[in-house]
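Student: sequence and predicted structure are below.
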Amino acid sequence: MTMASPFTLSGCSSECKARYGQLATLHGTVTTPVFMPVGTQATVKAMTPRDLVEAGAQIILGNTYHLYIRPGHERIRALGGLHRFMHWQRPILTDSGGFQIFSLQELATITEEGAAFRSHLDGSRLFLSPESAVQVQEALGADIMMALDTCIPYPAGRDETIAATAMTARWARRCRAAQSETGQHLFGIVQGGMYPDLRVEAIEQLVEIGFDGYALGGLSVGEPKELMYELLAVADRLPADRARYLMGVGTPEDLVEGVYHGLDMFDCVMPTRNARNGMLFTSRGRLVIKNACFQQDQRPVDETCGCYACRHFSRAYLRHLFQSREILAYQLNTIHNLHYYCTLMAAMREAIREDRFLAFRRAFYQQRAEPSAEDQVEPEESP
C-alpha cells in the first residue's frame, strides 16, 4: 500500500547506514535520530514536563496496557487526552501493550482474537484485541500508535517463532483496518525472533500492508549483544522513506550501534531506572554514585555535561542525597541521565549532518576505553 510518509529523510552518512531526518506529527516535528524517555503511566518518573524539555526530550513514550488499566482511556479522553492530562505538548508515542502482556504472561491467554488477561492491580478480567489496541491509543490521543504484536521469548524454536510472527502479521493487518482518519500515525512491528530470514519475511508482509513507520521488536530480550547487533542489519530492508524504530533498546552503546545501522528512534527505561538505582551515565562510562570514593568529591558527575544537576551539584552532594534516600536524589540523577541520552543523540545528529559519523563512533569508544583513575567509572567495550 502506498501512502504519504510523515518522515522526511534529510541526509545519510557516506560511510555507513547512519541517517537523519524529520518526523512530522500532530504535536510537532521530531528530528531524528531521537531517544524517547519512557513515561509508562503518563509520567516520566521523577521528571516534570519542564525538566524533560530542559533535558532535550523531543518526544516521550506512554503505554497502552498500563493506561488502559489505570486510569482508563475513556477517562483520559474525557479529560482532554493524554497531552492535556499530563501537560506535555510535544509528541507522544504509545506502545500497544504487547510486551507488557508478554511480561505478565502468567496472567494472560493469547489467542487469534487477542489477549485475555487479568489486571496486575486487582485481578479483573480484561481483553485487548488488535482493534481495541488501536481504539485505546486513538482515545489517548497518541501522535504515534503501535500495532499490537505477539512477543517472542529468547530462546525460541523456529516453529514457535514462525507461528508468533505470522500472528503478528495478521494482527497488524487488523490494526491497520481499524485505524480511523485522525491524523495519528500507526507503526507496524517487525518480529521474527533471532532468525534473520523470518525478520525479512515479516518486513515484507508489513510493507505490503503499509504503515506510517516500522519498528524492530523482540530484541534485547536476553540474547547475546553480538547477535542483537547482527540482527540490526535487517533494518536496511525497511523502506527508506519511513521512520525506523528500535524498541526497548538500550545502553548508550546500543544507541550508537543502532544509529550506525540506520535506525531512527529509540526508547528504554535504562536512564530513568538506573538513575533511581544510583547509576549515572557519563562521557567516560558508568558512575555508581553510592561509592564511598565520592563522599568528598566536589566535581560534577560529568565535567562535560551542561545539565542542571552537573551545573549546580557535586558528586559528594548527590552521593549524600542517594545514601539518605532523599527524593531529590532520584530527580537530579534522572535529570542528568536523560540529559546525557538526549545530548548523545544530538551529537550523533550533528555528526551525520557533517558526514563524520565513523569518527564520532571511534571517539565515543576511545573516550570510554581508558577512564582516568579518579573518575571511578566502568568503561564499555567497543563491539
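Tutor: In hand now; what should we look at? Quick caveat: nothing in here was measured; it's all calculated off a predicted structure.
Student: name the nearest residue to V377, sequence neighbours excluded.
Tutor: G285 (3.6 Å; Cβ to Cβ, 6 or more residues apart in numbering). C-betas here are computed from N, CA, C, even on glycine.
Student: quick check: the one you found touching A369?
Tutor: No - the pair G285 / A369 is not scored as a contact, 9.1 Å apart, by Cβ atoms under 8 Å.
Student: those two: which has the busier surroundings?
Tutor: Shown here are G285 and A369; by other Cβ atoms under 10 Å, G285 has more neighbours (19 against 13).
Student: for that one, give the beta-bridge partners.
Tutor: Note on G285: beta-bridge partners by DSSP bridges are T282.
Student: what about it, distance to G114?
Tutor: The gap separating G285 from G114 is 44 Å, by Cβ to Cβ, to the nearest Å.
Student: ok, the residue most central in space within the chain - contacts?
Tutor: The C-alpha lying nearest the average C-alpha coordinate of the chain belongs to D267 (Cα atoms, centre = their mean; 1.1 Å). Applying Cβ atoms under 8 Å, 6 or more residues apart in numbering, we find D267 in contact with F35, M36, P37, V38, L61, L93, M247, G248, V249.
Student: from D302, how far off is the residue nearest to V377?
Tutor: 10 Å.
Student: K290 contacts L280, correct?
Tutor: No - contact criterion Cβ under 8 Å: K290 and L280 do not qualify, at 10.5 Å.
Student: out of these two, which sits in the more crowded spot?
Tutor: Comparing K290 with L280 by other Cβ under 10 Å, the one with more neighbours is L280, at 28 against 14.
Student: I'd guessed the more buried one sits against C307; true?
Tutor: No - L280 is beyond contact range of C307, at 10.5 Å (criterion: Cβ under 8 Å).
Student: for those two, list the residues in contact with both.
Tutor: Taking Cβ under 8 Å, 6+ apart as the criterion, L280 and C307 both touch H336, Y340.
Student: can you list the buried residues in the longest helix anywhere in the chain?
Tutor: The longest helix of the chain (DSSP state H) is helix 327-353. Within helix 327-353, the residues scored as buried using 16 or more other Cβ atoms under 10 Å are 329-346, 348-349, 351-352.
Student: any regions of the stretch 201-350 of the chain where pLDDT drops low?
Tutor: Along the stretch 201-350 of the chain, no part satisfies pLDDT under 70.
Student: tell me where it has helices.
Tutor: For the stretch 201-350 of the chain, applying DSSP state H, counting those that start in this stretch gives helices covering 225-231, 252-260, 270-276, 308-312, 315-323, 327-353.
Student: of those helices, which is nearest L128?
Tutor: Of all the helices of the stretch 201-350 of the chain, helix 270-276 sits nearest to L128, with 25.0 Å by Cβ to Cβ.
Student: now the closest one: buried residues?
Tutor: Neighbour counts over helix 270-276 (16+ other Cβ under 10 Å) mark M270, P271, T272, N274, A275, R276 as buried.
Student: what's it in contact with?
Tutor: With Cβ under 8 Å, 6+ apart, helix 270-276 has contacts from 37-38, 44-47, 250-251, 280-281, 286, 330, 333-334, 336-338, 340-341.
Student: what's in contact with stretch 66-83?
Tutor: Stretch 66-83 is contacted by residues 27, 40-42, 62, 64, 85, 88-89, 92, 94, 97, 100, 119-121, 126, 128, 136, 139-142 when judged by Cβ under 8 Å, 6+ apart.
Student: for that stretch, what is the average pLDDT?
Tutor: Confidence over stretch 66-83 (mean pLDDT, whole number) is 97.
Student: strands of the stretch 51-200 of the chain, start to end?
Tutor: Using DSSP state E, counting those that start in this stretch, the strands of the stretch 51-200 of the chain run over residues 60-63, 92-95, 108-110, 115-118, 125-128, 144-146, 185-190.
Student: okay, these in TSV with mean neighbour count next?
Tutor: What follows is these, written out as TSV (neighbours: other Cβ atoms under 10 Å):
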stretch	mean neighbour count
strand 60-63	24
strand 92-95	28
strand 108-110	15
strand 115-118	20
strand 125-128	15
strand 144-146	29
strand 185-190	27
